[in-house]
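Enquirer: Compute the structure for the input listed below.
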Amino acid sequence: MNYSVDERYNSVVIKLKGNIMGGPDGAKLHDTLHDLKESGKKNVVVDLSKVKFMNSSGLGMLISGMTTMRNSGGDLRLANAADRIQSLLIITKLITVFKHYDSVEEAAKSYESDPVA
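Expert: Numbering: from 1, shown residues only. Model prediction:
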């Protein structure tokens, strides 16, 4: 898994790429989220458009990230989930836990209409 971090639309966009399987990648993402939290950036959008596969550890990684951001007064929202990933979220009922959107722009703008803090 690779990812890039970009600031857009008054939020931080993390674009995940490849297979999301937790492990060392999860620890690296966790550190990134803690760095964002400490610098006062608490509105995060995770772009899933380039994710090919996700296992249960990958789902756990997203849940951990969401918990980290919510505990700091922010949130982690999902965007661009492909059909396969969306099906996984539905099967696990995590679709009811995460706020999810069809585009990064829509997810980022949701912070204006549905702020967390």
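
Enquirer: neighbours of the nearest residue to M1 once chain neighbours are set aside, just the number please.
Expert: Leaving aside its chain neighbours, M1 sits nearest to D25 (4.3 Å; criterion: Cβ to Cβ, 6 or more residues apart in numbering). Every residue, glycine included, has its C-beta placed from N, CA and C. Neighbourhood size, D25 [other Cβ atoms under 10 Å]: 19.

Enquirer: now do K15
Expert: Residues near K15, counting by other Cβ under 10 Å, number 19.

Enquirer: Ok, the one 4 residues further on next?
Expert: N19 is flanked by 13 other residues according to other Cβ under 10 Å.

Enquirer: From D25, how far off is it?
Expert: 9 Å (Cβ to Cβ, to the nearest Å).

Enquirer: residues bridging contact with the two, i.e. touching both?
Expert: Counting by Cβ atoms under 8 Å, 6 or more residues apart in numbering, the shared contacts of N19 and D25 are M1.

Enquirer: all helices for this protein, in order.
Expert: 24-38, 56-71, 83-91, 104-113 (DSSP state H).

Enquirer: Please work out the angle formed by the directions of the second one and helix 24-38.
Expert: If you take axes from the mean of the first three to the mean of the last three Cα atoms, to 10 degrees, helix 56-71 sits at 10 degrees to helix 24-38.

Enquirer: Residues contacting helix 56-71, please?
Expert: Contacts for helix 56-71 (Cβ under 8 Å, 6+ apart): 1, 19-23, 25-26, 29-30, 33-34, 37, 42, 44, 46, 75-76, 78, 88, 92, 94, 97-98, 116.
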